[in-house]
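Student: Predicted model, plus sequence, below.
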Amino acid sequence: MAASAPLPSDDAQQPRLGLRERKKLKTRVAIREATYRLITDQGYEATTVEQIAAAAEVSPSTVFRYFPTKEDIVLTDEFDPVMEAAIRARPADEPPLESLRAVLRQAVEAILADQPEELLQRSKLMLEIPAVRARMTETSLLLSRAVADRTGRDEGDLEVRVFTASVMAALREVTIYWAEHDQKENLAVLVDRALDSLEGGLSL
């Protein structure tokens, strides 16, 4: 999940990016926007990394340097590092699931406000393209690092891996469910429902 605006509302407290970081961000955004344009025009499978590179005016090697796979272009955005920082900034004694609930709700609401069309297209791709769904489940490194630091565990611990994989799977299913129902339901509420299921299980 991501967007160009930070999660916290107080922009004055946000660190300013240096010139190099701004250039990197500009390149990442250009690659992602070119990818979505091409997918809209010709479909996901027909869109190649070479076409994306040409549309973004960079080399294919630059695309791969920023995004290891085509699926990563769709799933990765500028909210990811911001979300990690936001998780770390939550109260130290707060249960990890509650920290993630708060940050994910903020992220969903911010993306809906800032990049609604991109989020709609991403949810449709997750519904239609198995490779995109599979890649989302794999990309739990951000959550693993933050959860491990907050709990004093190693990010490779079984419990950390199971917890973060469960949250990522829940997010995947929420996104697919939302797309299946024509994006009509409140996405933030669906995130809450999914995390409630993880926390309390299914009632009989």
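Tutor: Nice, I can see it.

Student: Now the element after the helix or strand bottoming out on mean pLDDT in the chain, going C-ward?
Tutor: Within the chain, no helix or strand scores below helix 79-88, which has a mean of 79 by mean pLDDT, DSSP states H and E. Downstream of helix 79-88, the next assigned helix or strand under DSSP states H and E is helix 96-114.

Student: which residues are in contact with the following helix or strand past that next one?
Tutor: Counting by DSSP H and E, the next helix or strand C-terminal to helix 96-114 is helix 116-128. Helix 116-128 has contacts (C-beta atoms under 8 Å, 6 or more residues apart in numbering) with 36, 39-40, 44, 74-75, 77, 111-112, 132-133, 136, 172, 175-176, 178-180, 183, 187. Backbone N, C-alpha and C define where each C-beta goes, glycine included.

Student: next one: stretch 159-169
Tutor: Taking C-beta under 8 Å, 6+ apart as the rule, stretch 159-169 contacts 96-97, 100, 136-137, 139-140, 143-144, 147-148, 151, 153-155, 195, 198.

Student: residue ranges with poor pLDDT in this structure?
Tutor: Within the chain, the stretches with pLDDT under 70 are 1-17, 78-79, 138-140, 204.

Student: how about a cut-off of 50?
Tutor: Across the chain, the ranges flagged by pLDDT under 50 are 1-15.

Student: the helices in it, which residues?
Tutor: Secondary structure of the chain (DSSP state H): helices located at 19-42, 49-56, 60-66, 70-75, 79-88, 96-114, 116-128, 130-138, 141-151, 158-180, 187-200.

Student: in the last one, what counts as buried?
Tutor: Along helix 187-200, these residues count as buried under the neighbour rule (16 or more other C-beta atoms under 10 Å): 187-188, 190-192, 194-195.

Student: which secondary structure elements does it contact?
Tutor: helix 96-114, helix 158-180 (3 or more C-beta pairs under 8 Å, 6 or more residues apart in numbering; DSSP states H and E).

Student: The first one now?
Tutor: Taking 3+ C-beta pairs under 8 Å, 6+ apart as contact, the helices and strands that helix 19-42 lies on are helix 49-56, helix 60-66, helix 70-75, helix 116-128.

Student: Let me have those helices in a markdown table, extended by mean neighbour count and distance to residue 89.
Tutor: Rendered in a markdown table, the data for the helices and strands packed on helix 19-42 read as follows (neighbours: other C-beta atoms under 10 Å; distance: least, C-beta to C-beta, whole Å):
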| stretch | mean neighbour count | distance to residue 89 |
| --- | --- | --- |
| helix 49-56 | 18 | 32 |
| helix 60-66 | 15 | 26 |
| helix 70-75 | 22 | 23 |
| helix 116-128 | 17 | 24 |
